[in-house]
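*Asks:* the following block contains a protein sequence and its predicted model.
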Amino acid sequence: MSYQPSISIVIPVYNSESCLGLCLDAIRRQDYPLKQIEIIIIDAGSTDATLEIARKYQVDKILVNPLRTGEAGKSVGVKNAHNELIALIDSDNIIEDSDWLNRMVEPFQDTEIAGSEPWLYTYRPQDPLITRYCALLGMNDPLCYYLGNYDRISGISNKWTGLELPTEDKGGFLKVSMKHTDIYPTIGANGFVIRRDLILKTHYEPYLFDIDLVSELVPMGYTEYAKVKVGILHLYAKNLKDFARKQKRRVKDYLYYRGRQERFYPWDKIPQTRLLRFVLSTVLIIPILIDLLKGYRRIPDKAWWFHLPACFTTLFVYGTGRIMALFPSENRIMDRGDWNRK
């Protein structure tokens, strides 16, 4: 392939020994010139074998993340990257076949394209139940399905988003325009590739909130994005307790940083009727049962039954999170002290 621009892969880590090797192995198996790839690991103080694994795979840079959150790690990585494109890949992501990078950079031959992202989460029958559920649903947060702002193919709707956006099929990818919308799909996480010079135009320091990037760039005129017809595996929660903890972290962190005016995704522009739809669907049970059965009909897997506790947990955690955020002593980010991926 003749078009192979330089790319910096930014991977924040913290006690990631259980998955980092899989992540890096998949990157090293890419059919892409080694000299064109820079792998940057940003460590938040790992106490396990994470850094040994990084050195084993001969990553280009290992940097320190003093603020410890994944968003802070991405910021440090971008600040120290020097290549044309940035790939935001988490340690629990495993990219697909050896042509993944080639497929992801292809859209950038179109100078209008600001960023590219896989259009689905890779589904594997052998994966843990919650990882399978998230891949089948097309998102890690069931709320997004009912809000319609999801960004990967959902087994319920058979669409990559619930928003109506101008789209051109370019063969290997969809060219999607955000020019005439105030609500954006949650593009930016788990395999997002973007032009480095565009990230530098955003508020990426000291925290890079990946799904906020599009929200900042579209008003600047960078309105075109690619949904590439490839997948990426996201090794998500191990059990319901882990899932609930991640939901709690998501809501606590968002409310804290929103209060500091450091978040830019336009959640407030999503019609409240969509939020009410989620609440009523969960409380009444029947609507979410119908949705999971739609998904099960397309891909029969018992993992779909996790949709029930996922919706109930999300409703409870987000609801209590908003209430607790009203108390100054509780309005803070979630402690990462015991965070690990073992």
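*Replies:* Received it, and whenever you're ready, just let me know what you need.
*Asks:* so for the protein, the centremost residue is which one?
*Replies:* Nearest to the geometric centre of the chain sits Ala189, at 2.5 Å (C-alpha atoms, centre = their mean).
*Asks:* quick check: which ranges of the stretch 201-342 of the chain have low pLDDT?
*Replies:* Across the stretch 201-342 of the chain, the ranges flagged by pLDDT under 70 are 329-342.
*Asks:* all helices for it, in order.
*Replies:* With DSSP state H, counting those that start in this stretch as the criterion, the stretch 201-342 of the chain has helices at 213-217, 240-259, 272-284, 286-298, 307-324.
*Asks:* relative to Thr320, how far out is the residue lying closest to Gly162 once chain neighbours are set aside?
*Replies:* Counting by C-beta to C-beta, 6 or more residues apart in numbering, Gly148 is the residue found nearest to Gly162 once chain neighbours are left out, at 3.0 Å. The C-beta positions use only the backbone N, C-alpha and C, and glycine is treated the same way. Separation of Gly148 from Thr320 (C-beta to C-beta, to the nearest Å) stands at 24 Å.
*Asks:* more neighbours: which of the two?
*Replies:* Gly148 (18 against 12; other C-beta atoms under 10 Å).
*Asks:* list the contacts of that one.
*Replies:* Taking C-beta atoms under 8 Å, 6 or more residues apart in numbering, we find Gly148 in contact with 161-163, 183, 270, 274.
*Asks:* what sits against Arg179?
*Replies:* Careful, residue 179 is Lys; it's not Arg. With contacts defined as C-beta under 8 Å, 6+ apart, Lys179 is in contact with 166, 218, 223-224.
*Asks:* which secondary structure element contains it?
*Replies:* If you go by DSSP states H and E, Lys179 is not part of any helix or strand.
*Asks:* distance of it relative to Lys159?
*Replies:* 20 Å.
*Asks:* next one: Trp267
*Replies:* 21 Å.
*Asks:* over to Ile41?
*Replies:* Ile41 is 35 Å from Lys159, by C-beta to C-beta.
*Asks:* which one's more surrounded, the two?
*Replies:* A count of neighbours by other C-beta under 10 Å puts Ile41 above the other of Ile41 and Lys159, at 28 against 13.
*Asks:* on the three-state scheme, the more buried one is what?
*Replies:* strand (DSSP: H, G, I helix; E, B strand; the rest coil).
*Asks:* I figured it hits Val64, correct?
*Replies:* No - counting by C-beta atoms under 8 Å, Ile41 does not reach Val64; the two are 10.3 Å apart.
*Asks:* show me what contacts the residue nearest to Lys246 when sequence neighbours are not counted?
*Replies:* The shortest distance from Lys246 to any non-neighbouring residue, by C-beta to C-beta, 6+ apart, is to Ala237 (5.9 Å). If you count contacts by C-beta under 8 Å, 6+ apart, Ala237 has them with 130-131, 243, 245-246.
*Asks:* and Ala237, how close does it get to Leu129?
*Replies:* 9 Å.
*Asks:* circling back to that earlier point, any idea which of the helices of the stretch 201-342 of the chain is most buried?
*Replies:* Mean neighbours per residue, mean count of other C-beta atoms under 10 Å, is largest over those for helix 213-217, with a mean of 24.
*Asks:* for this structure, which strand is longest?
*Replies:* Counting residues, the longest strand found in the chain (DSSP state E) is strand 224-234.
*Asks:* which other helices and strands contact it?
*Replies:* strand 93-95, helix 100-105, strand 113-121, helix 129-137, strand 173-177 (3 or more C-beta pairs under 8 Å, 6 or more residues apart in numbering; DSSP states H and E).
*Asks:* out of those, which comes closest to Pro206?
*Replies:* Comparing those against Pro206 with C-beta to C-beta, the closest turns out to be strand 113-121 (21.5 Å).
*Asks:* circling back: tell me the one of the contacts of Gly148 nearest Asp90?
*Replies:* Using C-beta to C-beta, the contacts of Gly148 come closest to Asp90 at Thr161, 20.8 Å.
*Asks:* you'd agree that closest one is up against Ile153?
*Replies:* No - in this structure Thr161 lies outside contact range of Ile153 using C-beta under 8 Å: 9.0 Å.
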